[in-house]
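**Student:** Okay, structure incoming, though there's no sequence with it:
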C-alpha cells in the first residue's frame, strides 16, 4: 500500500523488481554425477527445511571441494571439439520431423540440457557518462532493473538456465548485481540445476593481456562456457548475446530454426533505416534464410548493395542487419575460435570480433550461416541518446516494451525497500520504483528510480532519476544524503545514482548546448542531454 496525502495521480505506474529468493546457486559444472548424491540434490530441490539444511549444505560443500579440484585441472586445457558432424542422421531425422516450413516446438527441458548462453558484458564506452564508474550492462533501467537483466530474463523465460556473464570494464557493480540477484530455485528450470556465472577478465599462463573483442572474450573462457565436468552433459549449442539492448525474445524459436535448418551459425536479424544500419552488420539473405553476404559496419558507399536486397526488406526499413544475437553449434564455435587455419587457410591472428571476423570467415569457409528474422521490439541502448529515449518510452502506456508482462517477466534483485510515498503530488506517465519519497511536486513523463527523494515545490519532466543507495530522514531535508532538494526544476536530464541537487537549482539546458564535458562541476552534456554524474553534488541555485 502507498500512503498518499492529497495526491493527484494521473496514469502513473509503480515498478518493482520480481523478487528472487532461495538457496545459493548449485553449479552443474561441479556435479560429477547426479546419481552419486541423490540425498543432496533432493534436499536442495525441495528447498531444505531448517532441520536438515545445515547438514545438507555441509555435505554439498564437502562434495563440491573435491569436484572443484578436478575442474581446476582442466582450466588451462585446450577445449577439443567432438568429431564434426554437420549432417548427422539424427540431425536429418530432426529436420524431417520439423518439416520444410514448420518447426518442432522445443521444451524448456530440452533447451536447459543442451544450451549454454554467454552474455558479453564488457561495456566500455568513453563517450557515455553513465559508464564512468560501471559497465554499460550495469546501468539502471526501468526504475528497478539493470540492462543485464534483459538478456538474463530472456534466457530464463526461454528455458536457458546455464548462463555465463563475461565482464572486464568497471565490473564491480555488475558482478555484485548478478551474483546477488540470480540464485536458486529460480535457475532450476524443468528440474535441471542452473546458474548465472560471472567470468571476469583474468590472466592465465597462455593469455596475459586484456580481452580484445567479443570473440576473443569467448575464446578465453571456452574451457568453461563450452564444457561440463560431466561429459554426458556437454552442450550442443552456445547462444552468444549482447548486454546492451532492450527487447523481449524467445530464444527457443531461434534455436528451433537453427536445428531445423541444420545450420552451423544462426544470427537474429531485423530491419533498419539507413541511419540505424550504419552501425550494424548488414546482410544479404536468400529465400532459404542462408546468408550470401555479410559486412560489419560497411562504409556508406558500400551500403547500397544491401538496400532492398532481402525478402525481409521494406520501404520503411530497407536494410536487414544483425542484432548481435548468435546461435553456434558447439563444435563449430570451437573450430572457428581455436583454429584460424581452418577458417582462413593461413596462420593469421585469431579472430577478435564475431561480426567483423568470425562470421565472414565462416561464410568464406562454407559453413552454413543462416539468419532468422525478428519482428518484435528491439532497441539498441548502447548510446546515451538511445538509452534516454528508450527509458522515457517505458513510462508511456503505448510503449511496445512492457515491464508488466506476466508471461515473460523481467527478473532482477529482490529488495526490501519500503513502499513509495507521495505527498500532495501531481504525477503523469511516470514510473516510480520502491523506497521513494515525493513531496508536493509535479512529475511528468519520467522514471524515478529506487530510493529517490524529491523535495517540495519541484517540477520534473522528461527526466531519468536513476535512484539512490541510501538516504537520511525524509522528514528532515537537511539530513538527506542524496536526492532533489526543494524548489528545483529539471527537464530532459539524467540524474545518476547518489547525486544531490541543491535547493532551487534549474537543470533544463536552456541554451541548447549539445556537447560539454564539465565533469569537474559534476555534470556533462551529450547529445543535448544533461547528465549529473554518479555521486555528484550540484550546489544550491545552480542553473544548467
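**Tutor:** Received the coordinates, thanks. Note that the structure is a prediction, hence the values are computed from the model and not measured.
**Student:** pLDDT value on residue 362, please?
**Tutor:** Residue 362 is assigned a pLDDT of 90 by the prediction.
**Student:** Low-confidence bits of the stretch 51-200 of the chain, can you list those?
**Tutor:** The model of the stretch 51-200 of the chain has pLDDT under 70 over residues 51-105, 123-124, 185, 189-191.
**Student:** quick one: the helices in the stretch 101-250 of the chain?
**Tutor:** Using DSSP state H, counting those that start in this stretch, the helices of the stretch 101-250 of the chain run over 108-114, 149-158, 172-181, 214-220, 222-225.
**Student:** so residue 106 sits right up against residue 254, yeah?
**Tutor:** No. The pair formed by residue 106 and residue 254 falls short of the contact definition of CB atoms under 8 Å, at 10.3 Å. Placement of C-beta: from N, CA and C, glycine included.
**Student:** picking that back up, so which of the helices of the stretch 101-250 of the chain comes closest to residue 409?
**Tutor:** For these, the distance to residue 409 is smallest for helix 149-158, at 6.9 Å, taking CB to CB.
**Student:** Against which helices or strands is that closest one packed?
**Tutor:** Applying 3 or more CB pairs under 8 Å, 6 or more residues apart in numbering; DSSP states H and E, one finds that helix 149-158 contacts strand 115-120, strand 162-167, strand 237-242, strand 245-247, helix 251-260.
**Student:** Pipe those into TSV and attach distance to residue 364 and mean neighbour count per row.
**Tutor:** Supplementary listing: the helices and strands packed on helix 149-158 in TSV, determined by distance: least, CB to CB, whole Å; neighbours: other CB atoms under 10 Å:
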stretch	distance to residue 364	mean neighbour count
strand 115-120	24	25
strand 162-167	26	25
strand 237-242	20	24
strand 245-247	28	21
helix 251-260	20	22
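**Student:** ok so, going back, quick one: closest of the helices of the stretch 101-250 of the chain to residue 242.
**Tutor:** The closest of the helices of the stretch 101-250 of the chain to residue 242 is helix 149-158. By CB to CB, the value is 7.1 Å.
**Student:** pLDDT weak spots in the stretch 251-400 of the chain?
**Tutor:** Looking along the stretch 251-400 of the chain with the criterion set at pLDDT under 70, you get 340-350.
**Student:** can you rerun that using 50?
**Tutor:** Scanning the stretch 251-400 of the chain for pLDDT under 50 picks out 345-347.
**Student:** follow-up on the earlier one: now distance to residue 396 too, for the helices of the stretch 101-250 of the chain, in TSV please.
**Tutor:** What follows is these, written out as TSV (distance: least, CB to CB, whole Å):
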stretch	distance to residue 396
helix 108-114	32
helix 149-158	18
helix 172-181	26
helix 214-220	33
helix 222-225	38
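**Student:** Figure out which of those helices is closest to residue 361.
**Tutor:** Between residue 361 and those, the shortest gap by CB to CB is with helix 214-220, which sits at 10.0 Å.
**Student:** List of residues touching the closest one?
**Tutor:** By CB atoms under 8 Å, 6 or more residues apart in numbering, the residues outside helix 214-220 that reach it are 118, 120, 122, 166, 168, 201, 204, 207, 211, 225, 240, 333, 337-338, 350-355, 357-358.
**Student:** cool, and stretch 305-318?
**Tutor:** Stretch 305-318 is contacted by residues 269-274, 276-277, 282-285, 287, 293, 295, 298, 319-320, 373 when judged by CB under 8 Å, 6+ apart.
**Student:** Any quick PyMOL command for the buried ones out of these?
**Tutor:** A single PyMOL command selects the buried members of those (16 or more other CB atoms under 10 Å):
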select buried, resi 269+270+271+272+277+282+283+284+285+295+298+319+320
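**Student:** what's the longest strand in this structure?
**Tutor:** Ranked by residue count, the top strand of the chain under DSSP state E comes out as strand 319-329.
**Student:** on contacts alone, who are the packing partners of that strand?
**Tutor:** Short answer (3+ CB pairs under 8 Å, 6+ apart): strand 319-329 packs on strand 237-242, strand 245-247, helix 251-260, strand 265-272, helix 274-277, strand 281-285, strand 369-373.
**Student:** Now do it against strand 115-120, angle only.
**Tutor:** Comparing the axes of strand 319-329 and strand 115-120 via axes from the mean of the first three to the mean of the last three CA atoms, to 10 degrees yields an angle of 130 degrees.
**Student:** Any figure for the gap between residue 455 and residue 505?
**Tutor:** According to CB to CB, to the nearest Å, residue 455 stands 11 Å off from residue 505.
**Student:** now residue 464
**Tutor:** Using CB to CB, we find residue 464 at a distance of 17 Å from residue 505.
**Student:** Kindly report the same for residue 129.
**Tutor:** If you go by CB to CB, the gap between residue 129 and residue 505 works out to 18 Å.
**Student:** now residue 411, which residues is it bridged with?
**Tutor:** Per DSSP bridges, the residues bridged to residue 411 are residue 18.
**Student:** can I assume it is in contact with residue 154?
**Tutor:** No. Here residue 411 does not reach residue 154: they are 10.0 Å apart, not a contact under CB under 8 Å.
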